[in-house]
Every structure is written in structure tokens, then in C-alpha cells.
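A.B. asks: let me see the structure of the following:
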Amino acid sequence: MLIRAAGVRKIYEVGVSRIEAVAGVDLEIAPNEYVAIMGPSGSGKSTFMNILGCLDTPTDGEYYLNGRLVSGLDDDELARIRNREIGFVFQTFNLLPRASALQNVELPLIYGGVPSRERRERAMEALRAVGLIDRASHRPNELSGGQRQRVAIARALVNRPSLILADEPTGNLDSRTGEEIMTIFRGIHEAGNTILIVTHEEYIAEHTQRIVRLLDGRIATDVRNHGKKST
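C.D. replies: Residues are numbered from 1 along each chain as shown. Okay, the predicted model is just below:
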């Protein structure tokens, strides 16, 4: 099992109040699954995604990634796990404005200590996978929103992670460009990658194999999407 969350809870102390953002979630995700996590604002989906992405740790419960218990690791160990095992795609792209597309894609490899020649080769390979090899030298302000998100996806792929985590990846895009991005995600999944998308858009979730809905910090439904959309 790639992901196993067992009784995961996250409680925030706000003054004298205790807010239970995630309330005892059990979830398993196998390698090469394509899953959407949905829920209204305040449902706990962003907090849960931060735990799965090793950006936060649970108050209670256990989280295993690739068979390793990561819920109790310190910040340095979590940072190493994030860099090696997880590729992130965010709604706001999070690209360095003065760096080229190629340099942005290379970033995780720089943190990982990969030699420069290998970095360039792997970054070009990732840009080729998202159809942007001809924009390698362009800066973000020279790219469209859809192209910037493709750069972000290439950056997420470049370390060959176990898991791609995408947080509202089409939220800043028009619907046509959003569909193009989902086509890229489909190709990435078909190449053998595990993808977890957090979204509030039903049409985005329809592209995935499985839809997990959270409500009040708990899993309300977890269903296979037999009507998976073809793009």
C-alpha cells in the first residue's frame, strides 16, 4: 500500500478552543491509483492533504507512506521525504519569477544534490513529458497560465516521486485550459504514477478513478468512479 492513514486526527488549539480539523480518518491508497479528495470549505481536506504531503503532522493516529511510518518524524526527516517521495502541484504554480522554466523544474534536483548535467537532462525530460520542451528558456511571465501549470507539473515529476499531490491544480485556469491540464494528469497516471488531487470542482473529480469526500473532518463517502471521464 502506498498510503495508509489509520485514525489520523489533527486538533488546533485556538485560544481556549480546540478545533478538530481531521477527526479520525482511515484511508488506504494503492500504487498507481488516481484519487480525488473533495469537500466543502472547512471539511478538513486541505489539512488532511498537508498531512499526506508531510507538510504537517497528525495530533493522533499513524500515517505510513511506502510502508514507512512518517507521522512521527522530525522536520528534517519530513523535508527529505517530501523531496524524494512527493511531487507537489499548487493552484498558484509557485514558480520562481526570474528563473526559466528549465531552472524551475531543476529546483528539487538541486535540493537533492543531483549533479548539474544529470539535472538538466532530467528537467528536459520532464518538460518534454508535459509538452513544453520548446519553452525551456522562457520565464513564467512569458508563459500562459496553462503553460505555467505545466512547468509546475514537470517540476513535480522530475524527482520521479512515489506520489503526485495536486491542490486545486486548475483553480486559476479557465475550463478549457483546465481540461488540458487534466489530460496531462491522465497521461502521467497512465505512465504508472499515483496521483491525489484535492478539488472542489466536480468536473475535475470526474477524471479520477476514485472520489473521497470529507465532511466535518471525516470521510463521508469513498466511491469508485466507474464513469471516469475520457478527455
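
A.B. asks: shaky segments in this protein?
C.D. replies: Filtered on pLDDT under 70, the chain yields the residue ranges 227-231.

A.B. asks: next, name the residue at the spatial heart of it.
C.D. replies: residue 165 (1.1 Å; Cα atoms, centre = their mean).

A.B. asks: how near is it to residue 80?
C.D. replies: Separation of residue 165 from residue 80 (Cβ to Cβ, to the nearest Å): 16 Å. For every residue, glycine as well, the C-beta is placed using N, CA and C.

A.B. asks: can you tell me the closest non-neighbouring residue to residue 29?
C.D. replies: residue 3 (4.0 Å; Cβ to Cβ, 6 or more residues apart in numbering).

A.B. asks: hang on, isn't the residue nearest to the centre of the chain packed against residue 82?
C.D. replies: No. Applying Cβ atoms under 8 Å, one finds residue 165 not in contact with residue 82, separated by 9.6 Å.

A.B. asks: which neighbours do these two have in common?
C.D. replies: In terms of Cβ atoms under 8 Å, 6 or more residues apart in numbering, residue 165 and residue 82 are both contacted by the residues 53, 88.

A.B. asks: just confirm residue 69 contacts residue 62, I think it does.
C.D. replies: Yes. Using Cβ under 8 Å, residue 69 is in contact with residue 62, at 6.1 Å.

A.B. asks: could you pull out the helices in the protein for me?
C.D. replies: 45-52, 75-85, 101-111, 116-129, 145-157, 175-190, 202-205 (DSSP state H).

A.B. asks: can you list those helices in TSV and add distance to residue 37 and mean neighbour count?
C.D. replies: Below are the helices of the chain laid out as TSV (distance: least, Cβ to Cβ, whole Å; neighbours: other Cβ atoms under 10 Å):
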stretch	distance to residue 37	mean neighbour count
helix 45-52	5	22
helix 75-85	18	15
helix 101-111	23	21
helix 116-129	24	17
helix 145-157	17	24
helix 175-190	14	17
helix 202-205	9	17
